[in-house]
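Participant: Sequence plus the predicted model coming up.
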Amino acid sequence: MKRLFINIKELLQVREANILKVSGKDMKVLPSLKNAFLLVEGDTIAAYGTMGSADTKNADEVIDATGKTILPTWCDSHTHLVYAGNREQEFVDRINGLTYEEIANKGGGILNSAKTLQQTLEEELYEQSRKRLENVMKLGTGAIEIKSGYGLTAEAEIKMLNIIKKLKENYPATIKSTFLGAHAVPENYKNNKDGYVQKVIDEILPEVGKSKLADYIDVFCEKGYFSVADMEAILEAAKTHGLTPKVHVNQFNAIGGIQAAVKHRALTVDHLEVMPDEDIEALKNTGTMPVGLPLCSYFLSIPYAPGRKLIEAGLPFVLATDYNPGSSPSGNMNQVVAAACIKMKLTPAEAINAATINGAHAMGVSRTHGSITKGKKANIILTKEIPSYGFLPYDFGNNNIDKVMINGEFVS
Ligand SMILES: N=CN[C@@H](CCC(=O)O)C(=O)O
Ligand SMILES: [Zn+2]
């Protein structure tokens, strides 16, 4: 099947295959073609150029994109999309004055979600999760990372990872999975955190490794959760199973997690709401990418990761949703891009780079995703008629997407 888009007002993020991420000043540049065509063959981007060179005769279907813009689908490199139920009550508790930490200390938070998930049958959990995935695909997400971490027992963590595997098999979106056994200390290990860390290392991790259910390893490195030493022990053990680190650090406190993550060659460090200068310094000249999660800051009313400062420091900034029931019950990358412009002072070009090519690199898929490049997956967002791409974050909260194609299939 050959599909030809013609008269595209602007084809965004057109890049050579050797560009796998963009950093610092280069993030200001969003290469594009105006009055363009785009040819999709099967699930692959086959050709593009300006309308003058379009061959309209050999296509099976011609789609007129007059007044519309095409860009690559969003690459959401940090989500917890597999979860059971919701935490609406905690949302109200926070409105009434409790903090996220106070709620967690009372057994709410991650432990609340773990309890619900453990009691939810696999089929039901799959149903809830696939609805969320279908929804975010319609919102333009074509590649997504999903974490475990609401199981906190071997059985429930494997249950989560199996659901991620099923989603991978059943949907065109590219999915990467991450084992986050060390997300919180379970209730029955309340006074024995070291015992739980040992259980993750000796029992759960080998099972995850053997079953090849995860691509990455994550730890919530934070006061009251897991220390830098805990994280290092888990990352070290995960190396034997070939799992690369992508870790939660600096959400509420800077405790040295970034330096340790860099030492362990983490692909990403995520959250970064609290970011002293020495932690920014520690990321320079490394392969570790900083990931900001602005919807979490919005929802919890906590500081935003200093996206502007990280880019000024020459780093390759990434944006993701953090879709989860406690700190970001939205997986809408359009909102992420808008919030990054409004609250982190990124330009629309920087935000789109952070949410496409850099998001792809932050989950190891930038050879196939994240840009309009010949040979990459045909993952595209066709917008409604808009004046320019800056209108997307400007017109925040409104849906400017006409159609989404993932792997050559229209999903909306
Ligand atoms: N901070 C750790 N984990 C999630 C939130 C988990 C939850 O509240 O359920 C996050 O990235 O924000
Ligand atoms: Zn998270």
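Facilitator: Alright, I've got the coordinates. Just so it is clear, the model here is predicted, and its values are computed rather than measured. Ligands and ions are numbered 1, 2, ... in the order given.
Participant: can I assume Lys9 sits in a helix?
Facilitator: No. Using DSSP: H, G, I helix; E, B strand; the rest coil, the assignment for Lys9 is strand, not a helix.
Participant: Would you agree it is in contact with Thr69?
Facilitator: Yes. With contact defined as CB atoms under 8 Å, Lys9 counts as touching Thr69 (5.6 Å). Where C-beta positions appear, they are placed from N, C-alpha and C, glycine not excepted.
Participant: who's more crowded, the two?
Facilitator: Counting neighbours by other CB atoms under 10 Å for Lys9 and for Thr69 shows that Thr69 has the greater number, 26 against 20.
Participant: And the residue of the stretch 301-412 of the chain that's closest to ligand 1?
Facilitator: Ranked by CB to the nearest ligand atom, the top residue of the stretch 301-412 of the chain for proximity to ligand 1 is Gly326, at 2.2 Å.
Participant: check contacts around the closest residue to that residue other than its chain neighbours.
Facilitator: Spatial nearest neighbour of Gly326, excluding adjacent residues (CB to CB, 6 or more residues apart in numbering): Arg87 at 5.2 Å. By CB atoms under 8 Å, 6 or more residues apart in numbering, the contact list for Arg87 reads 108-109, 112-113, 325-326, 329.
Participant: so Leu30 sits in a helix?
Facilitator: No. Counting by three-state DSSP, Leu30 falls outside a helix, being coil.
Participant: mind checking how far it is from Glu409?
Facilitator: Using CB to CB, to the nearest Å, we find Leu30 at a distance of 26 Å from Glu409.
Participant: again with Ser53
Facilitator: 27 Å.
Participant: Those two - which one has more neighbours?
Facilitator: Neighbour totals were compared for Ser53 and Glu409, and Glu409 leads with 14 against 10 (other CB under 10 Å).
Participant: which residues does that one contact?
Facilitator: 43, 172.
Participant: repeat that for 7 Å
Facilitator: Pro172 (CB atoms under 7 Å, 6 or more residues apart in numbering).
Participant: Give me the pLDDT value at it.
Facilitator: Among the per-residue scores, Glu409 shows a pLDDT of 96.
Participant: what about Ala305, how many neighbours?
Facilitator: By the criterion of other CB under 10 Å, Ala305 has 28 neighbours.
Participant: pretty sure it is touching Gly292, no?
Facilitator: Yes. Using CB atoms under 7 Å, Ala305 is in contact with Gly292, at 3.6 Å.
Participant: Mind checking what helix or strand follows the one helix or strand in the chain whose mean pLDDT sits lowest in sequence?
Facilitator: When the helices and strands of the chain are compared on mean pLDDT, DSSP states H and E, helix 100-105 comes out lowest with a mean of 94. Going down the chain from helix 100-105, the next helix or strand is helix 110-118, by DSSP states H and E.
Participant: quick one: contacts of that next one?
Facilitator: Contacts of helix 110-118 (CB under 7 Å, 6+ apart): 83-85, 87, 104, 125, 150-153, 156, 183-184, 186-187, 325-326.
Participant: at 10 Å instead, please
Facilitator: Residues outside helix 110-118 that contact it (CB atoms under 10 Å, 6 or more residues apart in numbering) are 80, 82-87, 89-90, 103-104, 106-108, 125, 128, 148-153, 155-157, 159-160, 180, 183-187, 190, 220, 225, 324-327.
Participant: Among those, name the ones in strands.
Facilitator: Within the contacts of helix 110-118, residues falling in strands by DSSP state E are 180, 220.
Participant: how about the residues of the stretch 301-412 of the chain near ligand 1?
Facilitator: 322, 324-327 (CB under 6 Å from any ligand atom).
Participant: Which two among those are spaced furthest apart?
Facilitator: Asp322 and Pro325 (10.9 Å; CB to CB).
Participant: Which one's more surrounded, the two?
Facilitator: When Asp322 is set against Pro325 and neighbours are counted by other CB under 10 Å, the residue ahead is Asp322, at 28 against 23.
Participant: could the residues of the stretch 301-412 of the chain next to ligand 1 go into TSV alongside pLDDT?
Facilitator: Formatted as TSV, those follow (pLDDT from 0 to 100):
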residue	pLDDT
Asp322	99
Asn324	98
Pro325	98
Gly326	97
Ser327	98
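Participant: on that earlier part again, now for the least confident helix or strand of the chain, which elements pack on it?
Facilitator: helix 88-95, helix 110-118, helix 294-300 (3 or more CB pairs under 10 Å, 6 or more residues apart in numbering; DSSP states H and E).
Participant: sorry, back to before: what is in contact with Lys9 and Thr69 at once?
Facilitator: What both Lys9 and Thr69 touch, as defined by CB under 10 Å, 6+ apart, is the set 32, 34, 36, 383, 385-389.
Participant: Any of those buried? List them.
Facilitator: Among the shared contacts of Lys9 and Thr69, those buried by neighbour count (16 or more other CB atoms under 10 Å) are 32, 36, 383, 386, 389.
Participant: Can you tell me which of those is nearest Lys138?
Facilitator: For those, the nearest to Lys138 is Thr383 (13.8 Å; CB to CB).
Participant: The closest one belongs to a helix, doesn't it?
Facilitator: No. Counting by three-state DSSP, Thr383 falls outside a helix, being strand.
Participant: which strand residues sit across from it in the sheet?
Facilitator: For Thr383, the beta-bridge partners are Ile401 (DSSP bridges).
Participant: For it, give me its contacts.
Facilitator: 8-10, 12, 65, 67-71, 140, 389, 391-392, 399-403.
Participant: what's the neighbour count on the closest residue to ligand 1 within the stretch 1-150 of the chain?
Facilitator: Using CB to the nearest ligand atom, the closest approach of the stretch 1-150 of the chain to ligand 1 is made by Ile110 at 4.6 Å. For Ile110, the neighbour count with other CB under 10 Å is 24.
Participant: Lys345 now?
Facilitator: Lys345: 14 neighbours (other CB under 10 Å).
Participant: okay but it is in contact with Leu310, surely?
Facilitator: No. Lys345 lies out of contact with Leu310 (CB atoms under 10 Å); the separation is 11.2 Å.
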